[in-house]
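Enquirer: fold the following, please.
(chains A and B)
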Protein chains: 2
Amino acid sequence: MTLSTMTHLVGSLSGAVYDADRLWRTDPVDGRPLQARYDSQVAARTLTKAAMATRRTNGMWRWAELLPVRSPGRRIYLGEGATPLLSAPGAGRALDVPRLMVKCEGGNPTGSFKARGMAAAVSRAAELGASAFIAPSAGNAAGALATYGAAAGLPVTVVMPSDVPVAHRVESILAGARVLLVDGLISDCGLIAGRIAQATGAFDVSTFKEPYRVEGKKTMGLELAEDLGWRLPDVVVYPTGGGTGLVGMWKAFDELQALGLIGGERPRMVGVQVAGCAPIVRAFTDGQRFARPWEGARTRAAGIRVPGAVGDFLILDALRASGGTAIAVDEAEMDDAQGLAGRCGLGYVSPETAAALAAVGQLRSSGWLSRDDQVVMFDTGVGHKYPPPPDVPEPAVVAADEDDVDRLLNLAAGP
Amino acid sequence: MTLSTMTHLVGSLSGAVYDADRLWRTDPVDGRPLQARYDSQVAARTLTKAAMATRRTNGMWRWAELLPVRSPGRRIYLGEGATPLLSAPGAGRALDVPRLMVKCEGGNPTGSFKARGMAAAVSRAAELGASAFIAPSAGNAAGALATYGAAAGLPVTVVMPSDVPVAHRVESILAGARVLLVDGLISDCGLIAGRIAQATGAFDVSTFKEPYRVEGKKTMGLELAEDLGWRLPDVVVYPTGGGTGLVGMWKAFDELQALGLIGGERPRMVGVQVAGCAPIVRAFTDGQRFARPWEGARTRAAGIRVPGAVGDFLILDALRASGGTAIAVDEAEMDDAQGLAGRCGLGYVSPETAAALAAVGQLRSSGWLSRDDQVVMFDTGVGHKYPPPPDVPEPAVVAADEDDVDRLLNLAAGP
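Expert: Here you go, the predicted model:
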């Protein structure tokens, strides 16, 4: 049984060092995110290429040496991680990016990449004594937290915008969570969750306000390297709301290098937002290290309707250090890309994923991506938890005993 | 690269032998299902326990020797298979079945076990020259066929009851399929699909009306044995509509035994239906080998609202040969079990899965299951593609600037 090699936590801006076996939230010095550090020499003894080739089960927990949970019995495993990395020849042809690949996160429990983060955060916080959880969420994080909390046998409260798709609400309620809806945005939900957390002592697992969700998310980056034969792609395209996944992957690459599993090469990291809420794109373009909050955020892609990200500088640092970029797509381009994804065999993807696909097309058109680039796009979650895109045609309805074949052929031929 | 060892097809009732490299639908002798047969001696050379321990990727195609696709390049892989088999301690405690496990099929592409069958059927039929596909569906099969058809670059038509949940319709339409809705049941859809297939030459992949969907589904049984260390559980509990999965698993066990990977032991197989549509339960109870169609089928669990199954005798044979049983649960018990699943950390499961969970509880209460039984229940698909269960409470809504903590605590405490 492989064990965590975590040594300490460090303030991501202050550099201050903290005991990893106490329950922290943000850095007491400056309120910025804390990050876990591992003993790469110890980890390298068991986490080898050969060993990984025979670790067939347990999803993201295959990477136990680089995860924060100490006791194997405290790992809450519901099937998260070890998602497929697929070639996407259809979409690649359509967008003239022949080496396009897709990492399919919709197969995670609760249908999105949020499962990885919540698996790590709930497991580790429960191991350190947390007895209740709370978080604000645009949707997928709520269902994931509720489900992992239920598996841990601990109470959960989730705070969501009142216009959140019904599937997320129902998922949370069926999992036994308390659900509070707010007539506002995710940022308002965050303030309200904070008030409840302070009054009740529930552990607040808001994005980047505790050290462990990013540790779960980083396993996307670990898997990416392994899936490509311990290499990294030329470009990673990632829909960016709170940015935990992007920051987590960037951290993962450094950890793999410290273990000697990859070299110093890095993909260009691309953060994708939508025109109606693009604080990271604005800060990137303006050369700012921190992103000021976006006013009047509006988009159907609830997961990237995040006006202000606590980890803004970590996102921007990674984009810049990698030679990457940040790009905002229009809402209508995103809607169209949801259909393109379906027609290319990528399935019913989320609006966030559709935004990423639209971004791939734009970056290719502008020449930022070349035909030769190996591009990995993240499909962060399934589409059926969201309302459908606009203008989906209404199918024809026929009687149960309709036997006029010409009529059937005509109707089946579509509008 | 491992290859298929398929040798021929055989009529499941007639025993007649057919060329496996021609495109067949049902047995020309009697219209019953055809089944693929493999060369177990050849397969046993490469499909060994040691080899499987190092086949980490490619999902269900890890079992290529026992799948019908000849050319590796014709395998359409979208991430199907290799789903987690999890201990379910919470549900096990609630139902007094301590060794309860769940095989989580919701992580497949398109969110259900239907992906396995369609991956095999579309890949193999396309390899044999099919240039268009059609199928009737209660929902999940439609989305899966549409998606695999899109990945194959071939046109798809799906015929669904008009009351099918909107997520299934949208998924099919986004994937570019023609969707026809029928004011009737899946059986009516089957007749209409048949008429269109005959007129257009589209290959009809209706359940058990071609030989390959069952080959994809059987990989659930292959994985089950491997996941349990090349043993089988005491009991398998499976929601049963068309029965492809149950029949496929039963076939898989024989194939594993022929390869020397397991012995002659078999799990007791349990087919679960709902009171509003229970033709297999009625035939099982009445001692019939064939099931007559159920009149006035009614249940929210669209996937098991199947009044008549073409493979009825194959299902009933497997249930009886295994010492298993067939059981119908009430609609309300199913609804309750959907909440139980969520509260136990199993996530937002489909109504069909909830029916299976309710059946586990009933079989334990009646003593048919003992506390010592290792029981594997199949979670066949995600719940968010369906309308929510009745009576899900409406969460409270608060203003974005609500800062009265007592009021927040009160509302967050739930109804």
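Enquirer: what does the residue nearest to A:Leu128 when sequence neighbours are not counted show for phi and psi?
Expert: Among residues not flanking A:Leu128 along the chain, A:Leu23 sits closest, at 4.2 Å (Cβ to Cβ, 6 or more residues apart in numbering or on different chains). For the C-beta atoms, the positions are set from N, CA and C on the backbone; glycine is no exception. Dihedral angles of A:Leu23 (phi, psi; degrees, to the nearest 10) stand at phi -90, psi 100.
Enquirer: same check on A:Gly216?
Expert: phi -70, psi -40.
Enquirer: now it: how far from chain B?
Expert: 16 Å (Cβ to the nearest Cβ, to the nearest Å).
Enquirer: now stretch A:121-136: how far from the chain's centre is it?
Expert: 19 Å (Cα atoms, centre = their mean, to the nearest Å).
Enquirer: in contact with A:Gly194, which residues?
Expert: Going by Cβ atoms under 8 Å, 6 or more residues apart in numbering or on different chains, A:Gly194 touches A:204, A:206.
Enquirer: show me how far the host helix or strand of it is from its chain's centre.
Expert: Under DSSP states H and E, the secondary-structure element containing A:Gly194 is helix A:186-200. When distances are taken as Cα atoms, centre = their mean, helix A:186-200 is centred 22 Å away from the chain's centroid.
Enquirer: tell me which residues of it are tucked away?
Expert: A:186-197, A:200 (16 or more other Cβ atoms under 10 Å in any protein chain shown).
Enquirer: try stretch A:23-40
Expert: Neighbour-count burial for stretch A:23-40, counted by 16+ other Cβ under 10 Å, picks out A:24-27, A:32-38, A:40.
Enquirer: in chain A, what residue sits furthest out from the centroid?
Expert: Distance from the centre of chain A peaks at A:Asp404, with 49.4 Å (Cα atoms, centre = their mean).
Enquirer: ok, it to chain B distance?
Expert: A:Asp404 is 9 Å from chain B, by Cβ to the nearest Cβ.
Enquirer: quick one: low-confidence parts of chain A?
Expert: Residues of chain A meeting the criterion pLDDT under 70: A:413-415.
Enquirer: where exactly do the strands run in it?
Expert: Applying DSSP state E to chain A gives strands spanning A:6-11, A:17-18, A:34-38, A:85-87, A:100-104, A:133-136, A:156-161, A:178-183, A:203-204, A:235-239, A:268-274, A:325-329, A:375-379, A:396-399.
Enquirer: ok so, going back, between the buried residues of helix A:186-200, which is closest to B:Leu154?
Expert: Of all the buried residues of helix A:186-200, B:Leu154 sits closest to A:Ile186, with 41.4 Å by Cβ to Cβ.
Enquirer: residue contacts, the closest one?
Expert: Neighbour list for A:Ile186: A:136-138, A:161, A:305-307 [criterion: Cβ under 8 Å, 6+ apart].
Enquirer: returning to that earlier point: among the buried residues of stretch A:23-40, which pair sits farthest apart?
Expert: A:Arg25 and A:Ser40 (25.8 Å).
Enquirer: spatially nearest residue to A:Pro390 (excluding sequence neighbours)?
Expert: A:Asp335 (6.1 Å).
Enquirer: need the contact list for the one you found.
Expert: By Cβ under 8 Å, 6+ apart, the contact list for A:Asp335 reads A:300, A:351, A:354, A:389-391.
Enquirer: top of the residues you listed by number of neighbours, please.
Expert: Sorting the contacts of A:Asp335 by how many neighbours each has (other Cβ atoms under 10 Å in any protein chain shown) puts A:Ala354 first, at 32 neighbours.
Enquirer: what's the distance between that one and A:Ala43?
Expert: According to Cβ to Cβ, to the nearest Å, A:Ala354 and A:Ala43 sit 37 Å apart.
Enquirer: likewise A:Leu154?
Expert: 29 Å.
Enquirer: between the two, which is the more surrounded one?
Expert: The neighbour comparison of A:Leu154 against A:Ala43 (other Cβ under 10 Å) goes to A:Ala43, with 23 against 17.
Enquirer: my read is that the more buried one contacts A:Glu65, right?
Expert: Yes: counting by Cβ atoms under 8 Å, A:Glu65 is a contact partner of A:Ala43 at 4.0 Å.
Enquirer: mutual contacts of those two, please.
Expert: In contact with both A:Ala43 and A:Glu65: A:Thr5, using Cβ under 8 Å, 6+ apart.
Enquirer: quick one: buried residues of stretch A:286-296?
Expert: Of the residues in stretch A:286-296, A:291, A:294 count as buried by neighbour count, 16+ other Cβ under 10 Å.
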